[in-house]
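# curious how this folds, go ahead:
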Amino acid sequence: DLESIQKQKSYLGKRIKRGLFRSSSGYFYGADINGSLNIGRKVVGEAAFSGNPIERFVVNPVRVKAYKANSRFNICVQN
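As a prediction, this is how the structure comes out:
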């Protein structure tokens, strides 16, 4: 929602249940994603988060099995 990061009388988004946040635009996000976005806003600054910030930074993780990895992945395995 990109509201200022401080105590508010009322918030634009809403906590649905533990770990789930609904933005004022109706999108649902994990609370950890919302929290990490706010930390990023404090560290990097507001300018880097214009537009749809969560959609810009959320990615689909790739599951990698080390024994089946090809040259596409950079894997460092310690024994």
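# scan this protein for its longest helix.
helix 31-44 (DSSP state H).
# just the mean pLDDT for it, thanks.
For helix 31-44, mean pLDDT is 78.
# check which helices and strands it sits against.
With contacts defined as 3 or more Cβ pairs under 8 Å, 6 or more residues apart in numbering; DSSP states H and E, helix 31-44 has these neighbours: strand 20-22, helix 53-57. In this view, the C-beta of every residue, glycine as well, is placed from N, C-alpha and C.
# where among the ones you listed is the average confidence lowest?
It's helix 53-57: among the helices and strands packed on helix 31-44, that one has the lowest mean pLDDT, namely a mean of 58.
# that older thread, what comes up buried for the longest helix of the chain?
Going by neighbour count (16 or more other Cβ atoms under 10 Å), the buried part of helix 31-44 is 34, 37, 41.
# next: stretch 15-33.
21, 29.
# who's residue 15 bridged to?
Applying DSSP bridges to residue 15 yields these beta-bridge partners: residue 21.
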